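Undergrad: My questions are about this predicted structure, shown below with the sequence.
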Amino acid sequence: MTEKWKEKLRQIVPPKSLRVRIFFIILLVGTVPSIMMRYGIVSNYEARAVDQRSTTVQNQLMIIANHLVSNNYLTNYPSEEQAYKTSHEVIDAELEMLSNLYEGRVMIINSNLKVVTDTYDISEGKTIISEEVIKCFRGTNTTHYDPEHGYIEMTTPITRTETVDGVTTSEICGVMLTSISSESIQSTMTIMSKNALILETIMILIVLALAFVLSAMLTRPFERITEAINEVRAGYSDECISVPDYAETVHIVDAFNQMLGQYKALDESRQEFVANVSHELKTPMTSIKVLADSLLTQDNVPAELYREFMEDMVSEIDRENQIITDLLALVKMDKKVQDLNIVTVNINDLTELILKRLRPIARKKDVEVVFESVRPVVAEVDEVKITLVMTNLVENAIKYNKDHGWVKVVLDADHQFFTLEVSDSGLGIPEEAMTHIYERFYRVDKSHSREIGGTGLGLAIAKSAVLMHRGSITVTSTEGEGSCFTVKIPLNYIKQ
Ligand code: ADP
C-alpha cells in the first residue's frame, strides 16, 4: 500500500481512536459467536444425522443377518431345495427393499471372502479383499462416512450362535458390506447452511449498525469535552464546563475546571499586579509633575523655593528608584528555583554585616539594635536572597518602630534548621492585616508607610526568598507593643 493510501486510511480509521476500538469490539462480540454457532450447529447436525442413519440401517441389517443365519443362507448356498429357494428369495427381497430405501448397495460375503449376494448384481461370485471386511470377520464393526462422494459404508457381521451340551458358541460366518447414500443429509445441510448464512448476514448487518451507533454514542461525551475545551481555548467562553455522563468524564472535566480556576486566578493576580505597579510608579511621577508645574507657573521664584522643590523632586525620584529596585528583586524571585546560587555561608557573619549596614538608619530614630547569637551557624543558602530577607525584616523592625525603641535579632539553630528571630518594640500589626502583609504592595497604613519610604514589596520579596529555600516565615504581633518575625531555613539545601 502506498504512503498516500495509508494516510487516507489513517484519516478514516484513526489507529488510536476510542470510537474505532469500541466499534470493532462490538462487531467482534456480536459476530464471532454467531459464526461459531453456525459452524457448530451445521457440523453437529451432520455428525448426528450420519450416526442416526447408520444405527437405523445397522439395526435393520442385524435383523436380516439373523434371517440369514436362521435360514442357513450361507451354509447351504447354493442349494436347489425349494425351501432354501423360497427363503433366499424372501431375503433377497428384504435386501432389495433396504437398498432401495436407502439408495444403497448390500453385499453378503461368506467366510471365503466370496460375494454371495450383491443387490447391484455386479460382484456376485467375486472374491473381495477389503480391510473393513477382514476387520469385521475379526469382530470389529466399521462405519465409514465419505462426505466427498456422499455415502456411508458399514460392515455387519453375520453371527451364528450354537448351544452344544449347554455351551454356547458364536461364529462369524459372513459379513454384510453395505454402502448407503448420504445425499439427503448433505442436501439438508446445504439448506440449513443457506438459511443460517442468511440469518448470519442479517445479524452481522444489525451488529454493524449497532456498533456504529453505540460507538458514536459512547464516545460522544469525550467529543463534548473537546468541544467545550476548544470553546474556552478560542476565548468564546471562560465558564466551567460540565459533562456528567461518566465518572471518567467528570474526573477529566473537574481537573480541567481546576486548571481553568488556577489560570483565572493567575490572570486576575497578574492584572491586579500590573494595576498596582502602574499606580505605584505613577504616584512619584505625579508629585514630580506637580512640583515642576508649580515652579513653572510662578514668576520670580526665590532660589530657596527652587532648592526646596528640587529636593522634593529628588526624593520622589529616589522613591521611584526604590520601587523599581524592589520590583526587579521580586521578578528575580519569581524565576525558577534552579536559579538559586547556593553557597556555604557563615550566617553569624552575614547577620553582623547586615546589621552594621542598617545601624545608621536605626541611629536616626534612636532605635537600639541588639544581636544575640546562640551558636555559630553555617548554612547552604543563596547569600544574596538571604541578605534580602534579613535586610527587609530588620529594616521593617526599625522603620515601624517608636523613637527610642529597640530591635532584637536572635540567631539559633538545631541539627536541621537555623532560625532568625527579628523582634521589635514597634507599632505592631493589626489582627486583620496579618494575612495580607506578604501580598505585593500591601501596607497597613499607606500614607505612613509612604512617608517612611515603604513600597509594600519588602515582605513579598522576603517570603519568596524563604520559600525558594524550602523554609518558612511566621509572625506574631500585638498592636502597640511590637512584632516578632521568625524565619526558619534548612541548614542543608534540599534539591527539589
Ligand atoms: P513596606 O515596604 O511598606 O515596608 P513590606 O512588605 O515590608 O512593605 O511590609 C508590608 C506592611 O507590613 C508594611 O506596610 C507595614 O504596615 C507592615 N509591617 C511590616 N513589618 C512590620 C513590623 N515589623 N512592625 C509593624 N508593621 C510591619
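TA: Cool, the structure landed.
Undergrad: residue ranges for the helices of the stretch 151-300 of the chain, please.
TA: Ranges of helices in the stretch 151-300 of the chain, per DSSP state H, counting those that start in this stretch, are 183-234, 247-297.
Undergrad: relative orientation of the first one and helix 247-297 in degrees?
TA: Meaning helix 183-234. Counting by axes from the mean of the first three to the mean of the last three Cα atoms, to 10 degrees, helix 183-234 lies at 20 degrees to helix 247-297.
Undergrad: tell me how far helix 183-234 is from the chain's mean position?
TA: Here the centre of helix 183-234 is set off from its chain's centre by 25 Å, with Cα atoms, centre = their mean, to the nearest Å.
Undergrad: and what of the shortest one?
TA: Relative to its chain's centre, helix 247-297 lies at 38 Å (Cα atoms, centre = their mean).
Undergrad: For whichever helix or strand comes after that helix, name the packing helices and strands.
TA: Remark: after helix 247-297, the chain's next helix or strand is helix 303-334, criterion DSSP states H and E. Applying 3 or more Cβ pairs under 8 Å, 6 or more residues apart in numbering; DSSP states H and E, one finds that helix 303-334 contacts helix 247-297, helix 458-468. Yep, even glycine has a C-beta here, placed from its N, CA and C like the rest.
Undergrad: outside of the helix or strand bottoming out on mean pLDDT in the chain, which residues touch it?
TA: Across the helices and strands of the chain, mean pLDDT, DSSP states H and E gives its lowest value to helix 446-451, namely a mean of 73. With Cβ atoms under 8 Å, 6 or more residues apart in numbering as the test, helix 446-451 has contacts from 283, 443, 456.
Undergrad: For the stretch 301-450 of the chain, give me the ranges with low pLDDT.
TA: Along the stretch 301-450 of the chain, the model assigns pLDDT under 70 to residues 334-338.
Undergrad: all strands of it, in order?
TA: Assigned by DSSP state E, counting those that start in this stretch, the stretch 301-450 of the chain shows strands spanning 342-346, 368-373, 378-382, 406-413, 417-424.
Undergrad: The last one and the ligand, are they touching?
TA: Yes - figure legend: strand 417-424 in contact with the ligand (Cβ under 6 Å from any ligand atom); contacting residues Asp424.
Undergrad: Measure how buried Leu98 is and give me the count.
TA: 21 (other Cβ atoms under 10 Å).
Undergrad: ugh, typo on my part, it should be Val243
TA: Val243 is flanked by 20 other residues according to other Cβ under 10 Å.
Undergrad: what's the pLDDT at it?
TA: The model reports Val243 with a pLDDT of 90.
Undergrad: ok, now how distant is the nearest residue in space to it that is not next to it in sequence from Glu231?
TA: Excluding its sequence neighbours, the residue lying closest to Val243 (Cβ to Cβ, 6 or more residues apart in numbering) is Thr249, at 4.5 Å. For Thr249, the distance to Glu231 equals 16 Å [Cβ to Cβ, to the nearest Å].
Undergrad: Neighbour count for these two, which is higher?
TA: Thr249 (17 against 14).
Undergrad: related to what we said a few turns ago, could you check the least confident helix or strand of the chain and say which residues are buried?
TA: 449-450 (16 or more other Cβ atoms under 10 Å).
Undergrad: May I see the domains of this protein written out as residue ranges?
TA: Domains of the chain are assigned by automatic domain parsing as 19-188, 238-334, 337-490.
Undergrad: Give me every residue in this protein lying close to the ligand.
TA: Proximity of the chain to the ligand, by Cβ under 6 Å from any ligand atom, involves residues 392, 396-397, 400, 424, 426-429, 437, 442-445, 449, 454-460, 483.
Undergrad: List buried residues within those.
TA: Looks like the residues of the chain next to the ligand have 392, 396-397, 400, 424, 426-429, 437, 442-444, 449, 454-460, 483 buried, using 16+ other Cβ under 10 Å.
Undergrad: How about the stretch 151-300 of the chain: which residue is closest to the ligand?
TA: Closest residue of the stretch 151-300 of the chain to the ligand, Cβ to the nearest ligand atom: Glu280 (10.6 Å).
Undergrad: sorry, back to before: adding distance to Glu380, write the helices of the stretch 151-300 of the chain out as a markdown table.
TA: Formatted as a markdown table, the helices of the stretch 151-300 of the chain follow (distance: least, Cβ to Cβ, whole Å):
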| stretch | distance to Glu380 |
| --- | --- |
| helix 183-234 | 43 |
| helix 247-297 | 31 |
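Undergrad: Quick check: which of these is nearest to Lys365?
TA: Lys365 lies closest to helix 247-297 among the helices of the stretch 151-300 of the chain, at 23.3 Å (Cβ to Cβ).
Undergrad: deepest of the domains of the chain, which one?
TA: Using mean count of other Cβ atoms under 10 Å, the stretch among the domains of the chain with the largest mean neighbour count is domain 337-490, at a mean of 17.
Undergrad: Could you check how far that one is from the centre of its chain?
TA: In terms of Cα atoms, centre = their mean, the centre of domain 337-490 is found 49 Å from the chain centre.
Undergrad: Look up the pLDDT of the residue of the stretch 151-300 of the chain closest to the ligand for me, please.
TA: If you check Glu280, the pLDDT there is 81.
Undergrad: Now do the same contact list for the nearest residue to it once chain neighbours are set aside.
TA: Excluding its sequence neighbours, the residue lying closest to Glu280 (Cβ to Cβ, 6+ apart) is Ile323, at 5.4 Å. By Cβ under 8 Å, 6+ apart, Ile323 lies in contact with 280-281, 284, 455, 457.
Undergrad: next one: Ile386
TA: With Cβ under 8 Å, 6+ apart, Ile386 has these contacts: 345, 347, 350, 465, 469, 489.
Undergrad: do Glu132 as well
TA: Going by Cβ under 8 Å, 6+ apart, the list of residues near Glu132 reads 142, 144, 153, 155, 177.
Undergrad: what sits against the first one?
TA: With contacts taken as Cβ under 8 Å, 6+ apart, Thr142 has the following neighbours: 132, 135-136, 153-155.
Undergrad: Excluding residues flanking it in the chain, which one is nearest it?
TA: Spatially, and ignoring its direct neighbours in sequence, Thr142 is nearest to Glu132 (4.6 Å; Cβ to Cβ, 6+ apart).
Undergrad: where's the one you found relative to Glu183, distance?
TA: Using Cβ to Cβ, Glu132 is found at 21 Å from Glu183.
Undergrad: what's the answer for Glu7, then?
TA: Using Cβ to Cβ, Glu7 is found at 54 Å from Glu183.
Undergrad: Could you check which residue of the stretch 201-350 of the chain lies nearest the ligand?
TA: Of all residues in the stretch 201-350 of the chain, Asp326 sits closest to the ligand, at 7.4 Å by Cβ to the nearest ligand atom.
Undergrad: Please name the residues that touch Asn398.
TA: For residue 398 the amino acid is Ile, not Asn. By Cβ under 8 Å, 6+ apart, Ile398 lies in contact with 358, 361-362, 365, 367, 369, 407, 424.
Undergrad: before we move on, what about Asn257?
TA: The contact partners of Asn257, by Cβ under 8 Å, 6+ apart, come to 240-241.
Undergrad: can you start the count at 28 instead of 1 from here on
TA: Yep, numbering from 28; the last one is Asn284 now.
Undergrad: confidence score at it?
TA: 93.
Undergrad: now Leu518
TA: So, for Leu518, pLDDT stands at 96.
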